[in-house]
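Asks: kindly generate the corresponding structure for this input.
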Amino acid sequence: MQQININRNYKDRLFRLAFQEKGDLLDLYNAVSGRQYTNPEDIIITTLADAIYLGMKNDISFLVSDVLNLYEHQSSFNPNMPVRGLNYFADTYREYIEINGLDIYGEKLIRLPMPQYIVFYNGMKEEPDRVELRLSDAFLCQNPEENGCLECRATMININYGHNEELMDRCKRLKDYAVFVNRIRENERRGMALNEAVELAVNSCINEGILADILKKNRAEVCNLILYEYDEQKQLAIAREGAKKAGREEGREEGRAQGIAQGIAQGIAQGREAEKVMVIRNMAAKALDPRSIADMLDTEESYVKNVLNLLAEKIGKTDLEIAGILLNRNKTGKNP
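Replies: Numbering: from 1, shown residues only. Below you'll find the model as predicted:
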């Protein structure tokens, strides 16, 4: 089976687009930290281009006045963010020490920037305005009388519309981002198809000056990003249900334990394949040609064409059903 290597930072790129300019990033930092810096050039971007943790690149990291800030965006609650932060900060400090020629083996204490870790959450599940996540919560030993030698804290801030209003008032860009996402969801709740919900939200926000600069400049990309993120969440839910169903069916024939394991593996594989089909379908709907789609997904053009041909042949089939056909053909040695 031809693999599509979907860049896992793809779904959160919209957040980085909103804060790609140093001025906007400084406004966000001031709002979160309570500081009042005015010179965007005080920011030094420290994002590691090749640092990937748990399949995802960190969103934004930067230095301001000897404080190392890591900002990440999450569209689902993840209690493991401190573990990711530990990995990232370890690599960043290692690079910082090397670049600045610091001697960690000497007798003199080296000076390091203080770490701050913020996670911006805008998932559908209701969460408090702020939650502090700790690395120590993951330790197998939870004896209150014993403290481990390591700790990493991540502050999760809920940026859904209606939450943290004081913070939103201090950073217009962040509030605009929350309004834009909320409009898409409101349009969906009124029964609109996802494509229509996104298009209407983009148009209304541009007309009202909400994220207008990036929505005008990156309209097609933003639409694809939103479509991918929302559909991926739905496909993952479908994949989990498919895994349970497949596990039950296999369990009847080969025993419950073995059947569940095989069913879960099959369901996960079909869910992942469905994600690929969904991405190709959405990109083709935006009038992207097979070569452009292949380039964006880092896969072969022939694979994209095969998927598009199958979509044309099986009109009305869901992405999950198309994925099942692809996997079955792969098992029999036939090209899709």
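Asks: now the helices for the stretch 1-150 of the chain?
Replies: Along the stretch 1-150 of the chain, counting by DSSP state H, counting those that start in this stretch, helices occupy 13-18, 22-33, 81-99.
Asks: need the residues that contact the longest one.
Replies: In other words, helix 81-99. Contacts with helix 81-99, where a contact means Cβ atoms under 8 Å, 6 or more residues apart in numbering, come from 46, 48, 51, 53-54, 56, 58, 61, 68, 70, 72, 74, 102, 104, 110, 112-113, 115, 117, 119, 133-135, 137-138, 150, 152-154, 156. In short, each C-beta sits where N, CA and C put it, glycine included.
Asks: whichever of those residues end up buried, select them in ChimeraX.
Replies: Buried residues within the contacts of helix 81-99, by 16 or more other Cβ atoms under 10 Å, are selected in ChimeraX with:
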select :46,53,56,58,61,68,70,72,74,113,115,117,119,133,135,152,154,156
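Asks: follow-up on the earlier one: identify whichever of the helices of the stretch 1-150 of the chain lies nearest to residue 214.
Replies: Distance to residue 214, taken as Cβ to Cβ, is lowest for helix 13-18 among these, at 5.1 Å.
Asks: so which of the helices of the stretch 1-150 of the chain is nearest residue 287?
Replies: Across those, closest to residue 287 is helix 13-18 (Cβ to Cβ), at 20.4 Å.
Asks: what packs against that closest one?
Replies: On a contact count with 3 or more Cβ pairs under 8 Å, 6 or more residues apart in numbering; DSSP states H and E, helix 13-18 meets helix 172-189, helix 219-254.
Asks: domain assignment for the protein?
Replies: Per the record, the chain has its domains at 10-141+150-170, 183-217, 220-331, by automatic domain parsing.
Asks: mean pLDDT for those: which is lowest?
Replies: Of all these, the minimum mean pLDDT falls on domain 220-331 (a mean of 72).
Asks: just the contacts of helix 81-99: which are in strands?
Replies: In strands, defined here by DSSP state E, the members of these are 53, 56, 61, 68, 70, 72, 74, 115, 117, 119, 133-134, 153-154, 156.
Asks: out of the residues you listed, which comes closest to residue 293?
Replies: Taking Cβ to Cβ as the measure, residue 293 lies nearest residue 56 of the ones in strands among the contacts of helix 81-99, at 21.9 Å.
Asks: how about the contacts made by residue 18?
Replies: With Cβ under 8 Å, 6+ apart, residue 18 has these contacts: 24, 173-174, 176-177, 211, 214.
Asks: turn the residues you listed into CSV, including distance to residue 38.
Replies: Output for these, formatted as CSV (distance: Cβ to Cβ, whole Å):
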residue, distance to residue 38
24, 14
173, 16
174, 18
176, 21
177, 22
211, 23
214, 23
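Asks: look up how far residue 198 lies from residue 289.
Replies: Distance, residue 289 to residue 198, by Cβ to Cβ, to the nearest Å: 21 Å.
Asks: the two: which is more packed in?
Replies: residue 198 (23 against 13; other Cβ atoms under 10 Å).
Asks: please consider this matter closed, and thank you.
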